[in-house]
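Engineer: predicted model and sequence follow; I will ask about them next.
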2 protein chains.
Amino acid sequence: MRKNRVMKKGLGRATLEFKRLKYFIAVAEELHFGRAAARLEMAQPPLSRQIATLEKEIGAQLFDRARSQIRLTEAGAVLLDRARDILDDLDSAYREVELIGRGGAGRLRVAFVGSATHGVLPSLIKSYRSHYPHVDLSLSSMNNAELERGLIQRDIDIAVARPSLQGDEFRSMALHHEPLILALPDNSALAGQSLPIKLADLDKETFVLYPRRPRPSFADHILKVCEGEGFTPADQIFAQDYQTAISLVSVGVGLAMVPKSVSNSPRAGVLYRSYEGNNPGTSLTVHARRDNRKPQVLQFFDIIEKYTRKRT
Amino acid sequence: MRKNRVMKKGLGRATLEFKRLKYFIAVAEELHFGRAAARLEMAQPPLSRQIATLEKEIGAQLFDRARSQIRLTEAGAVLLDRARDILDDLDSAYREVELIGRGGAGRLRVAFVGSATHGVLPSLIKSYRSHYPHVDLSLSSMNNAELERGLIQRDIDIAVARPSLQGDEFRSMALHHEPLILALPDNSALAGQSLPIKLADLDKETFVLYPRRPRPSFADHILKVCEGEGFTPADQIFAQDYQTAISLVSVGVGLAMVPKSVSNSPRAGVLYRSYEGNNPGTSLTVHARRDNRKPQVLQFFDIIEKYTRKRT
DNA sequence: ATCCGCCAATACCAACAGAGTATCATCAGA
DNA sequence: TCTGATGATACTCTGTTGGTATTGGCGGAT
């Protein structure tokens, strides 16, 4: 059965509309119902009624009605002030929200593996910023495990991972592919030799690998590369992330296999060398939750697409 | 003929109502259309529709609708913030205006003749303040001519005049009546004598009179008093206002007739003496424009009425 | 003094927005 | 696979709002 509406009528305040405030402002500025109505592109009688309703709603006289000349009361003057502010606020709120909704503003939280900072990522970010300068970009570095957790818990919007994260709930797009090279301690015997280094010869070396999780990890990838060459590194040291691994190499703990772009940024104590043998390379992949419909995310993927198409 | 409404539809933005914001806040806080509808004491379908309309109006998605759990989008989160502020502002604006409309706040501009400051006016003002502590009282001293001009030009709300202002456009109320006394230079021969002073004996004295305008002025009043005693002062000096007149007396220019309450505040060089003879006294009268419907004014008159009734 | 004109208020009507009920579609969890 | 929960859709109806016609009252002009 239909609910009783009359009951509700008793409770609630009157309707309380923006329209009324706009009307009021028009009348207050014109001090003339006829002209105000014309400005509002409406007839005068409904305008008079709306003002009367507003006065009843607030419970205060807003205009002094002398026939020849209407004047604002003090209450009306104050309301005029406040109403202007409120409508301005409302308008700017709407604009702001609309802009965020279009992806033109707001926040985009991007996280990436440390080894991405030397390659294409910086220029990709620059490209996005130039397209959407008002978006507040939050950037942070994480290993693959943290990236995955961040995406799932919605702590980040975009993850740039190496290698690709697995999961149906993620949308993914390849960003960049590059060969692997060796990172050697500069006092290593291998570093000195002028001959090309053969991967198969390194089966007795200590490999610094990172990180172990989540599977498949970059470490798994490297081990598979060695396997393809017919050996498993005799000594394996595991680091949490790429930064730590390079530090270990620089102090002579062992060698590491890293993406080529890493060699763009020299580091004391570390020499980068290419090698002969199995080199499937390594890929940076960009991920986001499929259900993340944030326009900023969609636009970020658009930028990636443009970007990669340009480079190929 | 009826104007074409369809045309107007095309132009203006959508309706833009407070209701929608309230609905939005409810849904944003509950994150559940059903519960929000219950809280708003309405059915769920119209609520869904209103939110959809709001989203169309703004042009941005406000909620992520996953079937099981709806979430605010970033745009929605910002709107929630803004909408709360706006509705708060609106509410406090309404309250403020209502209070002013009731006369509980706002401004009351009172002006008075200088000679009123010694008598009942201060305690009347105190009484008003205690009843309406949030009204901003603006007090100033003027002569009768300025009082009249101030009222007519709406620069002041209340005028306390002596004698009464004339004019149909003014509402008037007697505030206080008191006898006249003489203000004499302290080196005057009259000041020394121990016998009662007879007004009729003063026909050769210099009278300091104030002000000349507007007619009938306080000066006219004094001259009529003398006339009633059968003489016109031989020497007449005119001052702009009461303060100046007393100053002239204090430096020995002549004598003045003043309201008795003036003697409440002694002044160097001036002696106050009562006299024998015609003494119709003098009245303070309160005036306001009849068309000044400011509640503060009406309440001020109420206070006067209570006040004078108490004293009689 | 009287009339005319201007302007806000009132009366009444038509149309639309919004709230209600019934129902559907879809997804999660048993 | 079925069931329950939840938001969307379809549609009906009422109240609000805007429109036109008219009134009422004050000020200025004849």
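Structural biologist: Happy to help now that I have it. Numbers count the residues shown, from 1 in each chain, chains lettered A, B, ... in the order given.
Engineer: quick check: the residue of the stretch 151-300 of chain A found nearest DNA strand C vs B:Arg49, distance?
Structural biologist: Proximity of the stretch 151-300 of chain A to DNA strand C (Cβ to the nearest atom of the strand) peaks at A:Asp291, 9.3 Å away. To be clear about C-beta, it is placed using only N, CA and C from the backbone, and glycine gets the same treatment. Between A:Asp291 and B:Arg49 the computed distance is 24 Å (Cβ to Cβ, to the nearest Å).
Engineer: now do A:Ile246
Structural biologist: 58 Å.
Engineer: same thing with A:Phe112?
Structural biologist: Distance from A:Phe112 to B:Arg49, by Cβ to Cβ: 42 Å.
Engineer: neighbours around A:Gly228, how many?
Structural biologist: Counted with other Cβ atoms under 10 Å in any protein chain shown, the neighbours of A:Gly228 add up to 13.
Engineer: what does A:Ile303 give?
Structural biologist: Around A:Ile303 there are 18 residues (other Cβ under 10 Å).
Engineer: now the helices: where do they sit in the stretch 101-250 of chain A?
Structural biologist: Taking DSSP state H, counting those that start in this stretch as the criterion, the stretch 101-250 of chain A contains helices spanning A:121-131, A:144-152, A:189-192, A:218-228, A:242-250.
Engineer: returning to that earlier point: of A:Phe112 and B:Arg49, which one has the most company?
Structural biologist: A:Phe112 (24 against 11).
Engineer: which residues does the residue nearest to A:Asp168 when sequence neighbours are not counted contact?
Structural biologist: In this structure, A:Asp168 finds its nearest non-sequential neighbour in A:Arg290, 7.9 Å apart by Cβ to Cβ, 6 or more residues apart in numbering or on different chains. Contacts for A:Arg290 (Cβ atoms under 8 Å, 6 or more residues apart in numbering or on different chains) come out as A:168-171.
Engineer: of all the residues in the stretch 201-312 of chain A, which one is nearest DNA strand D?
Structural biologist: A:Arg293 (13.5 Å).
Engineer: test my guess that that residue contacts B:Leu62.
Structural biologist: No - the criterion here is Cβ atoms under 8 Å, and A:Arg293 misses it with B:Leu62 at 11.9 Å.
Engineer: hang on, the earlier thing: for the residue of the stretch 151-300 of chain A closest to DNA strand C, grab the count of nearby residues.
Structural biologist: As a burial measure, A:Asp291 scores 11 neighbours (other Cβ under 10 Å).
Engineer: before we move on, what SS does it have?
Structural biologist: At A:Asp291 the chain is in coil, as set by DSSP: H, G, I helix; E, B strand; the rest coil.
Engineer: can you count the residues close to the spatially closest residue to it that is not a sequence neighbour?
Structural biologist: Spatial nearest neighbour of A:Asp291, excluding adjacent residues (Cβ to Cβ, 6+ apart): B:Ala66 at 6.4 Å. Neighbour count of B:Ala66, defined by other Cβ under 10 Å: 9.
Engineer: and the gap between B:Ala66 and A:Glu276?
Structural biologist: From B:Ala66 to A:Glu276 the distance is 51 Å (Cβ to Cβ).
Engineer: cool, A:Phe18 as well?
Structural biologist: Counting by Cβ to Cβ - A:Phe18 and A:Glu276 are separated by 74 Å.
Engineer: and what of A:Leu80?
Structural biologist: Taking Cβ to Cβ, one finds A:Leu80 at 82 Å from A:Glu276.
Engineer: these two - which one has more neighbours?
Structural biologist: Neighbours per residue, other Cβ under 10 Å: of A:Leu80 and A:Glu276, the larger number sits with A:Leu80, 19 against 12.
Engineer: sec struct for the more buried one, please.
Structural biologist: helix.
Engineer: can you tell me the SS state at the closest residue to it other than its chain neighbours?
Structural biologist: With Cβ to Cβ, 6+ apart as the criterion, A:Leu80 has its nearest non-adjacent residue at 4.6 Å, and that residue is A:Ala28. When classified by three-state DSSP, A:Ala28 comes out as helix.
Engineer: count of residues packed around A:Ala28?
Structural biologist: Burial of A:Ala28 is recorded as 22 neighbouring residues (other Cβ under 10 Å).
Engineer: surely A:Trp84 touches A:Ile25?
Structural biologist: Not Trp; residue A:84 is Arg. Yes - if you go by Cβ under 8 Å, A:Arg84 and A:Ile25 touch, sitting 6.4 Å apart.
Engineer: and these two? which has more neighbours close in?
Structural biologist: More crowded of A:Arg84 and A:Ile25, by other Cβ under 10 Å: A:Ile25, with 17 against 14.
Engineer: dig out what the residue nearest the centre of chain A forms beta bridges with.
Structural biologist: Ranked by distance to the mean C-alpha position of chain A (Cα atoms, centre = their mean), the top residue is A:Leu108 at 1.6 Å. Judged by DSSP bridges, the bridge partners of A:Leu108 are A:Leu137.
Engineer: what sits against it?
Structural biologist: So A:Leu108 contacts A:128, A:135-138, A:157-158, A:294, A:296-297, A:300 (Cβ under 8 Å, 6+ apart).
Engineer: can you give me the distance of it to DNA strand C?
Structural biologist: 25 Å (Cβ to the nearest atom of the strand, to the nearest Å).
Engineer: what's the spacing between that residue and DNA strand D?
Structural biologist: A:Leu108 sits at a distance of 25 Å from DNA strand D (criterion: Cβ to the nearest atom of the strand).
Engineer: next, count neighbours for A:Arg171.
Structural biologist: Count around A:Arg171 with other Cβ under 10 Å applied: 16.
Engineer: now do the one 3 residues further on
Structural biologist: Burial of A:Ala174 is recorded as 12 neighbouring residues (other Cβ under 10 Å).
Engineer: run through the bridge partners of it.
Structural biologist: Assigned bridge partners for A:Ala174, using DSSP bridges, are A:Thr285.
Engineer: show me the contacts for it.
Structural biologist: A:164, A:283-286, A:308.
Engineer: what do you get for A:Val286?
Structural biologist: Going by Cβ under 8 Å, 6+ apart, A:Val286 touches A:158-161, A:172-175, A:300-301, A:304.
Engineer: can you pull the phi/psi pair for the residue of the stretch 201-312 of chain A closest to DNA strand D?
Structural biologist: phi -90, psi 10 (degrees, to the nearest 10).
Engineer: ok, and the closest non-adjacent residue to it?
Structural biologist: Nearest residue to A:Arg293, sequence neighbours excluded (Cβ to Cβ, 6+ apart): B:Asp64, at 6.3 Å.
Engineer: domain ranges for chain A, per the record?
Structural biologist: A:8-102, A:106-177+A:284-311, A:180-280 (automatic domain parsing).
Engineer: take those domains and write them to CSV, including mean pLDDT.
Structural biologist: Shown next, in CSV, are those (pLDDT from 0 to 100):
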stretch, mean pLDDT
domain A:8-102, 87
domain A:106-177+A:284-311, 92
domain A:180-280, 91
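Engineer: other residues contacting stretch A:45-60?
Structural biologist: Contacts with stretch A:45-60, where a contact means Cβ under 8 Å, 6+ apart, come from A:13-16, A:19-21, A:23-24, A:26-27, A:33, A:36-37, A:40, A:61-63, A:73, A:75, A:79, B:94, B:97-98, B:100-102.
Engineer: one more: stretch A:244-251?
Structural biologist: With Cβ under 8 Å, 6+ apart, stretch A:244-251 has contacts from A:183-185, A:208-210, A:237, A:239, A:254-256, A:258, A:262, A:267-270.
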